[in-house]
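In: sequence? don't have it. structure:
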């Protein structure tokens, strides 16, 4: 089975940097995803990590440590439009490799 | 040029009714999914089809029956709707290989009264 933990809510100031952590305990692992979901909208893909280290994509970066079962999403130069829920998801391995298990999401509020 | 589309966007119905939600993707993906997102925003997999074959069937009531007429479509039929079925249902698709990144449809907000 999969167990994924992330903070429920975070607040940060416009222009600042925020780090959203995700820890996981899984029976199999074949990659970790971060998705962004604005209120009332569909989740959209942000990043994918399968090897240890940092993946950078513009203002967003994602880090993975497989040995620690830990990932974080780093958002720089925060903008008001970054207010959304951020979902951490783990892809299973083997026969379940199609399956993503999502954490409960972190609701980020960006304030002026 | 919508990638993953769902109809209807909103569905309000009474307990005991039967309803269907349709999903189509034009990305050429071979795997499609149905997720349920409850009022606490927890996104949970319900079903997954790969090349029209069921590969994931999580513990959902058998009142829910998915049907995949072809690789581009995955419909969800729900019998005898209950209050607890009220949620947002998302369809998603991915291609086999690579990261298996999933693309989500806009969601169908189902309200059972």
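Out: Ah, there it is. Computed from a prediction, not measured in an experiment: that's the story for all the values here.

In: just the strands in the chain please.
Out: I'll assume chain A. A:2-5, A:9-13, A:18-26, A:32-37, A:44-49, A:53-57, A:60-65, A:70-75, A:84-91, A:100-102, A:106-111 (DSSP state E).

In: wrong one, chain B
Out: B:4-7, B:10-13, B:19-25, B:31-37, B:43-50, B:53-57, B:64-70, B:73-78, B:87-94, B:103-104, B:108-112.

In: Could you check the fifth one and say which residues are buried?
Out: Looking back up the chat, that one is strand B:43-50. B:43, B:45, B:46, B:47, B:48, B:49, B:50 (16 or more other C-beta atoms under 10 Å in any protein chain shown). Bear in mind the C-beta positions are built from the backbone N, C-alpha and C, glycine included.

In: now the first one
Out: Of the residues in strand B:4-7, those scored as buried under the neighbour-count criterion (16+ other C-beta under 10 Å) are B:4, B:6.

In: returning to what we had before: format the strands of chain A as a markdown table; extra columns: distance to residue B:103, mean pLDDT and mean neighbour count.
Out: Compiled in a markdown table, the strands of chain A are given as follows (distance: least, C-beta to C-beta, whole Å; pLDDT from 0 to 100; neighbours: other C-beta atoms under 10 Å in any protein chain shown):
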| stretch | distance to residue B:103 | mean pLDDT | mean neighbour count |
| --- | --- | --- | --- |
| strand A:2-5 | 21 | 88 | 16 |
| strand A:9-13 | 26 | 97 | 13 |
| strand A:18-26 | 21 | 95 | 18 |
| strand A:32-37 | 11 | 96 | 23 |
| strand A:44-49 | 7 | 94 | 17 |
| strand A:53-57 | 17 | 94 | 11 |
| strand A:60-65 | 18 | 97 | 19 |
| strand A:70-75 | 19 | 98 | 20 |
| strand A:84-91 | 13 | 95 | 24 |
| strand A:100-102 | 12 | 89 | 23 |
| strand A:106-111 | 22 | 98 | 17 |
